[in-house]
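> Sequence plus the predicted model coming up.
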Amino acid sequence: MDSSLLSLQDRVALVTGAGRGIGRAIALTLAGAGADLVLTARTQSQIEETAAQVRLLDRRAVVVPADVSVSEHVARVFDQALSAFGRIDILVNNAGGSTLMPLLGMSDEHWDENIAINLRSVFLCSRAAALQMMNQGKGVIVNVASMAGASAAPTLAAYGAAKAGVVQLTQTMAIEWAPLGIRVNAVAPGFTQTDTVEGLLWPTPERREQVISRIPLGRIGQPEDIAAAVLFFASDASSWITAQTLPVDGGTRW
């Protein structure tokens, strides 16, 4: 394969949840491939740190603090992105999160919050991006789903249901928007090393070893592993791929 197919030189990528963990790794990987970045998350100080690292790679970065589960915030993000760059070539829907909660103890608010940040945000941002991309005649959307959307786990009902919805939404968007020149795919991370997930899923060394014992490749994933898959889908290397969800989980036996 021609390695230039992975180049994103002078393209504009918008990454949600870009302040830390997987989102920051995605932003830096895309910048390393040549993209300029629009970075959004709820905590401004975190996306400012990401932006500083993007600029060290000689790429431009615009920071827009926002809650992308809120329509008005999404409109502001896209307005500022277009004001700064005039186009959006790539959208990465990475914003998300969860807390562990058994179903019988789950409040309405907990359910709604999980659906909002993990699924509603994907719909809102993708719709806004597609309206711009259709005018450009092309564009790429990459959604960050989760293997929790494909395999049930106790205390992750709301998160898993939302991420399963992301997979279905990815397929529908891809089919509807293919005639507009827009490709839509998703990556589904497995156990990945981030500060948030570590405290939830392997709070002790013993639990960490139990997790690793289920991964044939023998290690927990790193944010850069997920970012590499996102780069593939964002680039011309995947130009004949759409409506797919790629597990990135080391072959985990779920």
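Ah, there it is.
> C-terminal to the helix or strand where T172 lies, what's the next element?
T172 is located in helix 157-177, with elements delineated by DSSP states H and E. Next in sequence after helix 157-177, counting helices and strands by DSSP H and E, comes strand 182-189.
> helices or strands next to that next one in the packing?
helix 121-136, strand 139-144, helix 157-177, helix 223-234, strand 245-248 (3 or more Cβ pairs under 8 Å, 6 or more residues apart in numbering; DSSP states H and E). (C-beta placed from N, C-alpha, C; glycine too.)
> distance between that strand and the chain's centre?
In terms of Cα atoms, centre = their mean, to the nearest Å, the centre of strand 182-189 is set 9 Å apart from its chain centre.
> average model confidence for it?
Strand 182-189 comes out with an average pLDDT of 98.
> List the pairing partners of that strand within its sheet, with orientation.
Applying DSSP bridges to the sheet, strand 182-189 is found paired with strand 139-144 (parallel), strand 245-248 (parallel).
> Just checking, which helix or strand of this protein averages the lowest pLDDT?
helix 195-201 (a mean of 71; mean pLDDT, DSSP states H and E).
> end-to-end on stretch 50-65?
Its start and end residues considered, stretch 50-65 measures 12 Å (Cα to Cα, to the nearest Å).
> Single out the most deeply packed of the strands paired with strand 182-189.
Per-stretch averages of neighbours, counted by mean count of other Cβ atoms under 10 Å, single out strand 139-144 among those, with a mean of 26.
> can you state the direction angle for it and helix 121-136?
Per axes from the mean of the first three to the mean of the last three Cα atoms, to 10 degrees, the angle that strand 139-144 makes with helix 121-136 is 170 degrees.
> residues in contact with strand 139-144?
17, 22, 26, 88-94, 96, 122, 126, 129-130, 132-133, 166, 169-170, 173, 181-187, 189, 226, 230, 233-234 (Cβ atoms under 8 Å, 6 or more residues apart in numbering).
> Just the CA atoms from it would do, formatted as PDB, please.
C-alpha atoms of strand 139-144 as PDB (Å, rounded to 0.1, in the frame of the first residue of the first chain):
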ATOM      1  CA  GLY A 139     -16.100  13.900   4.300                       C
ATOM      2  CA  VAL A 140     -15.400  11.200   6.800                       C
ATOM      3  CA  ILE A 141     -17.000  10.400  10.200                       C
ATOM      4  CA  VAL A 142     -15.400   8.000  12.600                       C
ATOM      5  CA  ASN A 143     -17.400   7.100  15.700                       C
ATOM      6  CA  VAL A 144     -15.800   5.600  18.900                       C
END
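> quick one: average pLDDT of that strand?
pLDDT averaged over strand 139-144 gives 98.
> same deal with stretch 66-73?
Stretch 66-73 shows a mean pLDDT of 98 in the predicted model.
> where does the chain have low pLDDT?
The chain contains residues with pLDDT under 70 at 1, 198-202.
> Show me the residue at the heart of it, geometrically.
Nearest to the centroid of the C-alpha atoms of the chain, with distances taken as Cα atoms, centre = their mean, sits N94, at 2.3 Å.
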